[in-house]
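K.L.:
Let me see the structure of the following:
(one chain, ligands or ions: 2)
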Amino acid sequence: MDLRDIINMESNGEPEIYRLLKIGSFSVVPENSGFTIKQEEEPQLKIAMEKVAVTASAVKELVSPVWNRTKSMRGLLIYPVIFAVSFLIFYSTMNFPSLIAQAQGWFAPKQDQQILGKDLAAYNAWISGYFYSVSNKDLLAANNDYDHDGLTNYDEFVMRTNPTLADSDTDGTTDGVELINSTNPWGSGGMTTAQGKLRDKIDLNMVSERITFGVAANKKGTVNTASADSDNFDLTKPGVLSIPKLNIQAPLVFSRDPSEFDRDLERGVIHYPGTALPGNTGTMYVSGHSSDYIWKHDKFATIFTKINYLAAGDDIFITVYGKDGKVYNYRYRVTGQNVYSADDQTQFIDNTAAKLNLSTCWPIGTSKNRMVVSATLSPL
Ligand SMILES: [Ca+2]
Ligand SMILES: [Ca+2]
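P.N.:
Ligands and ions are numbered 1, 2, ... in the order given. You can find the predicted model right below:
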């Protein structure tokens, strides 16, 4: 076998010489040998390498935006976090009173819970809208009449009137008087049907009491020339009011605040805080129920129903217990009677003498006006 035979031999369809002369990519055949060596594996590898390169770059192209996006997403994530934290800080600082009101709702006094019941949360949210930053929670109490219009904060909540403004619609008539007179507290004219239904939930007798108290309170400083005796009165103990002609004998409770009127009126008749004390110069103002809600069953719900039967010359006796252990007795004689509206100041105006005005809502079963029986101090 000579070289020519070897060259012409075929292996797998290829000349054998190709196989013999190839070791990897290295060729032993001199470039000028005249043999043409078929290059096979190198191009394949090159192609394969190119493919890998292409694939890698494709993968890189494919992956890198996702990766970059992930990186930038992580960067973006900080903004909602910053927002949430800022919002919390803002909410807790700027809306602090509301938070306090809500918290107070959880620890609300029993009285508020009793008054408000299921309205507690709604009431706290509502009142905190008016009292933006108040540290004295008594102002927010359901039975407080902050603006002295005769309506408690809760009454105002029911009617949605302004608890910080006595006259919500600034028409010259206070909210309490508007309710008693059935006029619209939020505008002109009469009360709407819806307002009327809301008003039915409110104790108008008490509204009337508080209005009268507000008027009495305006007279403060012009009444009360204190006697030596009245310094010894123990006003924490109820005294006694007796009207022999009407067969009335009732505890005389020295009310300390309009918010306590309701409770005090269940115990007897009430002396208005700030008005003259028994025996003193000025007008002493004593109020009792002429009627009350039928479900209340107060012992004293109708105590003053018949005071209009008193006539000039009839006796009224007052007993007060002293801190010094003494009992102080006073006698007043009826001079006459008159009907006033709850906010009429003239029922308190006489400070020239030691006077007693007995008052009750009038006509019976309404709170529109006051029947006032006047008496003056007389020797025993
Ligand atoms: Ca009020
Ligand atoms: Ca008004």
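K.L.:
C-alpha only now, for contacts and for neighbours.
P.N.:
Will do.
K.L.:
List the contacts of stretch 243-263.
P.N.:
143-145, 206, 209-210, 213, 235-242, 264, 267-273, 303, 306-307, 310, 314-317 (Cα atoms under 8 Å, 6 or more residues apart in numbering).
K.L.:
Tell me the spacing between the most centrally placed residue in the chain and ligand 1.
P.N.:
Geometric centre of the chain, nearest residue: N124, 2.3 Å, by Cα atoms, centre = their mean. For N124, the distance to ligand 1 (Cα to the ion, to the nearest Å) stands at 16 Å.
K.L.:
in what helix or strand does that residue lie?
P.N.:
Taking DSSP states H and E as the definition, one finds N124 inside helix 120-130.
K.L.:
Repeat that for A311.
P.N.:
Using DSSP H and E, A311 falls outside every helix and strand.
K.L.:
I'd like to know how many residues surround it.
P.N.:
17 (other Cα atoms under 10 Å).
K.L.:
now do I78
P.N.:
By the criterion of other Cα under 10 Å, I78 has 11 neighbours.
K.L.:
now the one 5 residues further on
P.N.:
With neighbours defined by other Cα under 10 Å, the count for F83 comes to 11.
K.L.:
Per-residue pLDDT of it, please?
P.N.:
If you check F83, the pLDDT there is 85.
K.L.:
returning to that earlier point: mind giving me the packing neighbours of the helix holding N124?
P.N.:
helix 96-106, helix 110-116, helix 153-159 (3 or more Cα pairs under 8 Å, 6 or more residues apart in numbering; DSSP states H and E).
K.L.:
average pLDDT across the first one?
P.N.:
Along helix 96-106, the predicted confidence averages to a pLDDT of 58.
K.L.:
List the buried residues in the helix holding N124.
P.N.:
Neighbour counts over helix 120-130 (16 or more other Cα atoms under 10 Å) mark L120, A121, Y123, N124, A125, I127, S128 as buried.
K.L.:
And for stretch 133-146?
P.N.:
L139, L140, A141, A142, N143, N144, D145, Y146.
K.L.:
List, out of those, those positioned next to ligand 1.
P.N.:
D145 (Cα under 5 Å from the ion).
K.L.:
Show me which of the buried residues of stretch 133-146 is closest to ligand 1.
P.N.:
Nearest to ligand 1, judged by Cα to the ion, of the buried residues of stretch 133-146 is D145 at 4.1 Å.
K.L.:
Show the contacting residues for the closest one.
P.N.:
Here D145 is in contact with L151, T152, N153, P163, S259 (Cα under 8 Å, 6+ apart).
K.L.:
Which one of those residues is nearest to Y79?
P.N.:
P163 (41.5 Å; Cα to Cα).
K.L.:
Tell me the secondary structure of the closest one, please.
P.N.:
Of the three states, P163 takes coil under DSSP: H, G, I helix; E, B strand; the rest coil.
K.L.:
for this structure, what spans make up the strands?
P.N.:
For the chain, applying DSSP state E gives strands covering 10-11, 14-15, 22-23, 26-27, 239-243, 248-254, 269-271, 282-287, 315-321, 327-341, 354-362, 369-378.
K.L.:
end to end, how far does stretch 265-273 reach?
P.N.:
14 Å (Cα to Cα, to the nearest Å).
K.L.:
Stretch 143-152 now?
P.N.:
The straight-line separation of the ends of stretch 143-152 (Cα to Cα) is 5 Å.
K.L.:
cool, stretch 199-210 as well?
P.N.:
Start-to-end, stretch 199-210 (Cα to Cα) is 16 Å.
K.L.:
Also stretch 274-283?
P.N.:
So stretch 274-283: terminal residues 10 Å apart, Cα to Cα.
K.L.:
Now the buried members of the contacts of stretch 243-263.
P.N.:
Members of the contacts of stretch 243-263 classed as buried by 16+ other Cα under 10 Å are 143-145, 206, 209-210, 213, 235, 238-242, 264, 267-273, 303, 307, 310, 314-317.
K.L.:
re earlier: could you export the strands of the chain as JSON lines, including mean pLDDT?
P.N.:
What follows is these, written out as JSON lines (pLDDT from 0 to 100):
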{"stretch": "strand 10-11", "mean pLDDT": "56"}
{"stretch": "strand 14-15", "mean pLDDT": "58"}
{"stretch": "strand 22-23", "mean pLDDT": "52"}
{"stretch": "strand 26-27", "mean pLDDT": "48"}
{"stretch": "strand 239-243", "mean pLDDT": "97"}
{"stretch": "strand 248-254", "mean pLDDT": "97"}
{"stretch": "strand 269-271", "mean pLDDT": "96"}
{"stretch": "strand 282-287", "mean pLDDT": "92"}
{"stretch": "strand 315-321", "mean pLDDT": "97"}
{"stretch": "strand 327-341", "mean pLDDT": "96"}
{"stretch": "strand 354-362", "mean pLDDT": "93"}
{"stretch": "strand 369-378", "mean pLDDT": "95"}
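K.L.:
Next, format those as CSV and append distance to R69.
P.N.:
Converted to CSV, the strands of the chain look like this (distance: least, Cα to Cα, whole Å):
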stretch, distance to R69
strand 10-11, 56
strand 14-15, 54
strand 22-23, 49
strand 26-27, 47
strand 239-243, 85
strand 248-254, 78
strand 269-271, 78
strand 282-287, 80
strand 315-321, 87
strand 327-341, 78
strand 354-362, 78
strand 369-378, 78
